[in-house]
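Asker: output the structure for:
(chains A and B)
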Protein chains: 2
Amino acid sequence: MSAQVTSSDEAIRDVEAYMERLGEAARAAATVMRRTPTGPKNAALLAMAKRLEAARDEVLAANARDLARGRDGGLDAALLDRLELTPGRFDAMLEGLEQVAALPDPVGEIDSLRYRPSGIQVGQMRVPLGVIGIIYESRPNVTLEAASLCLKSGNAAILRGGSEARDSNAAIAACIRAGLLDAGLPEAAVQVVATTDRAAVGRLIAMPEYVDVIIPRGGKSLIERISREARVPVIKHLDGVCHVYVDATADLDKAFAIAVNAKTHRYGTCNTMETLLLDAPVAEALLPRLAAAYAEHGVELRGCERTRALLPGIAAASEEDWGAEYLAPVLALRVVEGIDAAVTHIERYGSHHTDAIITEDYALARRFMAEVDSSSVMVNASTRFADGFEYGLGAEIGISTDKLHARGPVGLEGLTTRKYVVLGDGQIRQ
Amino acid sequence: MSAQVTSSDEAIRDVEAYMERLGEAARAAATVMRRTPTGPKNAALLAMAKRLEAARDEVLAANARDLARGRDGGLDAALLDRLELTPGRFDAMLEGLEQVAALPDPVGEIDSLRYRPSGIQVGQMRVPLGVIGIIYESRPNVTLEAASLCLKSGNAAILRGGSEARDSNAAIAACIRAGLLDAGLPEAAVQVVATTDRAAVGRLIAMPEYVDVIIPRGGKSLIERISREARVPVIKHLDGVCHVYVDATADLDKAFAIAVNAKTHRYGTCNTMETLLLDAPVAEALLPRLAAAYAEHGVELRGCERTRALLPGIAAASEEDWGAEYLAPVLALRVVEGIDAAVTHIERYGSHHTDAIITEDYALARRFMAEVDSSSVMVNASTRFADGFEYGLGAEIGISTDKLHARGPVGLEGLTTRKYVVLGDGQIRQ
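Answerer: Here you go, the predicted model:
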């Protein structure tokens, strides 16, 4: 097979030249992929699933090698968990390929085509972005998710996974490549960077001639570094400091259920609630009930003075707590005076990810939706719904807290752009 | 009035601190503008028109001072022309304000709101970008165009015009500010940078905490410098190397009319055709007729060998000619073998701005639309139509050849983004 993907670092001496070769091959493949109809793209996705199924033992063996190396190297339990391809996760990868194949192809869609006074018809056609670079950490299943979404949206992809998942990624990459070739598509449509040299990332994010956009997935420090150093546009999300605000007009049962779910459904996700804001009139009724529920889940509470007056046992929240993305069973609590104070708090301390109001009041719901400048704004729903699958995008390559291009969960559409098409009959400009 | 806008550089000693004050004020104003309904925004636009009308003499006198200084300083005729506010251009500014007021407000529009199996309703709501920095050169009417588009789309703007238009811009800025105050909107919603110090641009493009996006309008070197140095996203267009390809299946009369119009309608615009590609079978019939028409317009022709075999008098096109944006009465001509060669040429030498095919063949039209990766792709129409007004956007802040966020003419919609809204009834994630 191609020299572009090897599982040995020794083979890649000049990392810069290697990355440029990947870039050049990706650019050429993007030109082919851009014109590839839906049929062959779906065929490639299904062929990859077949190849993976056939290589199940090799892939799991490679993953076992990564896990052993990780354990020897002292990786912590959370990282080892993310690294592991359990049989369930393996099956989910296969299912994911079939799901992406079943999604409608966004490429070529023309939203509206309108006649203009000059006689021309003008519309916008959805087209691929080109070459997408994705940089991620330990989860090897991201390799396949990212590959399938980039492929279906008509892009070429260069994928750079974490060094701890080296063998797993190489084994998955071989299946991806075989699937592409089975369907007659260029193997460089999806390339997995084979070196774990960190200089590869530095080069990947600084080749505007070959790469159109970078999507980093991982910890905040990785994303900050990439945003700072990239010479191509970056679609990213940094923090998920998500709020639930319970207004005095809330249905208290809904408020209770959502406040518990938004915090305890999963702790490590970016759409988990990190601060609960309570309108003063409902604090007294709600706080003891909530405190009991959180105690049952082992959630540590940190409150403002007014919260602590009602829940004397809990710790005081500091200024840092308001801006904290705990990603852990810890919750900051604040009693506020109405929607204005809540919106002000969210604006000052939030990260523009996902924020929810609980209210039965129509005007307040409408105001919160208009005034809160977050990528997802919710009324009477758990912040945990901020997710590509829950939103019906079919799958997501990440959640963007950026403003330009894509905001919120990014699915196939976020991997495309729109060009203008003009249909005429010989029209000239007067 | 505010110390933020003065017409004297002397008042601004510390440019960095001054720009940060503008940024901070803009960020605060953006929070208000984001929530401002359509009515007050339109009222401000119409109030600006009244203020301008009342200040016509002062504005024209300020412009006369700029023109006199420009002449003394040896500005060339083209720059002086762009700098001049003729009575016609002044009236067009007033009319422009009324047109933008009449455009539908994009903010708050929800495209579709769909029920999901969980019971939540999910949609996307159009919202302002926040603070937009616009950097432009000599034309003072851009100050008003940019202000009106940013205002209508609910953004705050920081405008940095060319030093040659200093007095005109200050006079227009005073009317903008007065109009904002008349309508009860924050005066910092539109701020015109009052210093001509180049360090102001350097700071403006490097304040991600205050500025969400930069739109440079001007020459290629300005835009390249800004793209290289900016620490916030940039919406830009670099070159307009536009092509018309006349296929053998073209209607020759349409081809003739479009080829003449696309080159000669205006020479200095980015959507002007710079290279004409002719399918071999039609070259003989079309070239002499076109050459005569171009000669009448004084257009200099530079051709490939096969073109020169049919038009022996013309100069040979060099490799540089294929990539040239002449912005002048010069045209490169190349005879090619069919649509594949044309698309290959456009891909290699074009700038992804606007490219057109002339054909009566359905399949070729469809292929050209799908395969050419430009911000505008046209069939049987002059490239000169690539324009916000012609496309029905109402007005444009520029034309983007970028891929992310906005491509082609950028109107009000391009100055907004979309956030997700989720409406629930107490739903929690299972």
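
Asker: list the buried residues for stretch A:336-345?
Answerer: A:336, A:339, A:341-343, A:345 (16 or more other CB atoms under 10 Å in any protein chain shown). For every residue, glycine as well, the C-beta is placed using N, CA and C.

Asker: near chain B, which residues of the stretch 51-200 of chain A?
Answerer: Residues of the stretch 51-200 of chain A found near chain B (CB under 8 Å from any CB of the partner chain) are A:108, A:114, A:116, A:118, A:120, A:122, A:124-125, A:127, A:129-130.

Asker: ok, 10 Å please
Answerer: A:107-108, A:110, A:114-125, A:127-130 (CB under 10 Å from any CB of the partner chain).

Asker: just the ones of those in strands?
Answerer: Residues of these located in strands (DSSP state E): A:110, A:114-115, A:121-125, A:127-128.

Asker: and the furthest pair within those?
Answerer: A:Y115 and A:P128 (27.8 Å; CB to CB).

Asker: tell me which of those two has more neighbours.
Answerer: A:P128 (26 against 11; other CB atoms under 10 Å in any protein chain shown).

Asker: OK, contacts around the more buried one?
Answerer: A:30, A:33-36, A:106-108, A:150, A:152-156, A:212, A:415-417, B:373, B:403 (CB atoms under 10 Å, 6 or more residues apart in numbering or on different chains).

Asker: hmm, try it at 6 Å
Answerer: A:34, A:153-155, A:416 (CB atoms under 6 Å, 6 or more residues apart in numbering or on different chains).

Asker: for the longest strand belonging to chain A, which outside residues touch it?
Answerer: Counting residues, the longest strand found in chain A (DSSP E) is strand A:416-427. Identification of contacts with strand A:416-427 by CB under 6 Å, 6+ apart yields A:106, A:118-129, A:153, B:254, B:369, B:375-381, B:385, B:403, B:407-408.

Asker: now A:T38: closest residue in space that isn't a chain neighbour?
Answerer: Counting by CB to CB, 6 or more residues apart in numbering or on different chains, A:T38 lies nearest to A:D105, which is 4.1 Å off, once chain neighbours are set aside.

Asker: check which helix or strand covers the one you found.
Answerer: Using DSSP states H and E, A:D105 maps to neither a helix nor a strand.

Asker: from A:I120, how far out is the closest residue in space to A:D182 that isn't next to it in sequence?
Answerer: Nearest residue to A:D182 in three dimensions, chain neighbours excluded: A:A47, at 3.8 Å (CB to CB, 6+ apart). Computed with CB to CB, to the nearest Å, the distance linking A:A47 and A:I120 is 42 Å.

Asker: swap in A:Y267?
Answerer: Distance from A:Y267 to A:I120, by CB to CB: 55 Å.

Asker: out of those two, which sits in the more crowded spot?
Answerer: A:I120 (23 against 16).

Asker: picking that back up, distance to A:G424 added to the buried residues of stretch A:336-345, as TSV?
Answerer: Output for those, formatted as TSV (distance: CB to CB, whole Å):
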residue	distance to A:G424
A:V336	58
A:I339	52
A:A341	56
A:A342	53
A:V343	49
A:H345	54
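
Asker: between those residues, which is closest to A:K220?
Answerer: Of all the buried residues of stretch A:336-345, A:K220 sits closest to A:H345, with 21.6 Å by CB to CB.

Asker: need the pLDDT of that closest one.
Answerer: A:H345 carries a pLDDT score of 98 in this model.

Asker: near chain B at all, the strand or helix carrying it?
Answerer: Using DSSP H and E, A:H345 maps to helix A:338-349. No - figure legend: helix A:338-349 not in contact with chain B (CB under 6 Å from any CB of the partner chain); closest approach 7.1 Å.

Asker: how about stretch A:300-317: buried residues?
Answerer: Neighbour count says stretch A:300-317 has A:301-304, A:306-308, A:310-311, A:314, A:317 buried, by 16+ other CB under 10 Å.

Asker: repeat that for stretch A:37-46.
Answerer: A:41-46.

Asker: residues contacting it, please?
Answerer: For stretch A:37-46, contacts defined as CB under 6 Å, 6+ apart pick out A:97, A:100-101, A:105, A:148, A:151-152, A:179-180, A:183, A:185.

Asker: dump those residues into TSV; add secondary structure as well.
Answerer: Listed next are the contacts of stretch A:37-46 as TSV, based on DSSP: H, G, I helix; E, B strand; the rest coil:
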residue	secondary structure
A:L97	helix
A:V100	helix
A:A101	helix
A:D105	coil
A:S148	helix
A:L151	helix
A:K152	helix
A:G179	helix
A:L180	helix
A:A183	coil
A:L185	coil
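
Asker: as TSV, the residues you listed with distance to A:A291 and pLDDT would be great.
Answerer: What follows is those, written out as TSV (distance: CB to CB, whole Å; pLDDT from 0 to 100):
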residue	distance to A:A291	pLDDT
A:L97	45	96
A:V100	43	95
A:A101	47	96
A:D105	50	96
A:S148	44	97
A:L151	49	98
A:K152	46	97
A:G179	52	98
A:L180	54	98
A:A183	56	98
A:L185	56	98
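
Asker: for the residues you listed, which one is nearest A:L222?
Answerer: The closest of these, once distances to A:L222 are taken by CB to CB, is A:S148, at 22.6 Å.

Asker: how many other residues sit next to the closest residue to the closest one other than its chain neighbours?
Answerer: With sequence-adjacent residues excluded and distances taken as CB to CB, 6+ apart, A:S148 is closest to A:V100, at 4.3 Å. By other CB under 10 Å, 26 other residues sit near A:V100.

Asker: cool, A:S221 as well?
Answerer: A:S221: 8 surrounding residues under other CB under 10 Å.

Asker: which parts of the stretch 101-250 of chain A are strands?
Answerer: Along the stretch 101-250 of chain A, the stretches classed as strands by DSSP state E, counting those that start in this stretch are A:110-115, A:121-128, A:131-135, A:156-160, A:190-192, A:213-216, A:242-246.

Asker: domain ranges for chain A?
Answerer: What automatic domain parsing lists as the domains of chain A is A:9-236+A:408-421, A:242-391.

Asker: for those, which one sits closest to B:R160?
Answerer: Closest among the domains of chain A, using CB to CB: domain A:9-236+A:408-421, at 22.5 Å.

Asker: tell me the helix or strand right after the helix ranked longest in chain A.
Answerer: Ranked by number of residues, the top helix in chain A under DSSP state H is helix A:15-34. The helix or strand immediately downstream of helix A:15-34 is helix A:38-54, counting by DSSP H and E.

Asker: near chain B, which residues of the stretch 251-400 of chain A?
Answerer: A:254, A:257-258, A:261, A:265, A:369, A:371, A:375-382, A:384-385, A:391-392.

Asker: filter the residues you listed down to the buried ones, PyMOL style.
Answerer: Only the buried entries of those go into this PyMOL selection, using 16+ other CB under 10 Å:
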select buried, chain A and resi 254+257+258+261+265+369+371+375+376+377+378+379+380+381+382+384+385+391
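
Asker: got the strands of the stretch 101-250 of chain A as a markdown table, with mean pLDDT columns?
Answerer: Shown next, in a markdown table, are these (pLDDT from 0 to 100):
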| stretch | mean pLDDT |
| --- | --- |
| strand A:110-115 | 90 |
| strand A:121-128 | 96 |
| strand A:131-135 | 96 |
| strand A:156-160 | 97 |
| strand A:190-192 | 97 |
| strand A:213-216 | 94 |
| strand A:242-246 | 98 |
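
Asker: now those strands in JSON lines, with distance to B:I235?
Answerer: Shown next, in JSON lines, are the strands of the stretch 101-250 of chain A (distance: least, CB to CB, whole Å):
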{"stretch": "strand A:110-115", "distance to B:I235": "20"}
{"stretch": "strand A:121-128", "distance to B:I235": "16"}
{"stretch": "strand A:131-135", "distance to B:I235": "20"}
{"stretch": "strand A:156-160", "distance to B:I235": "24"}
{"stretch": "strand A:190-192", "distance to B:I235": "29"}
{"stretch": "strand A:213-216", "distance to B:I235": "14"}
{"stretch": "strand A:242-246", "distance to B:I235": "29"}
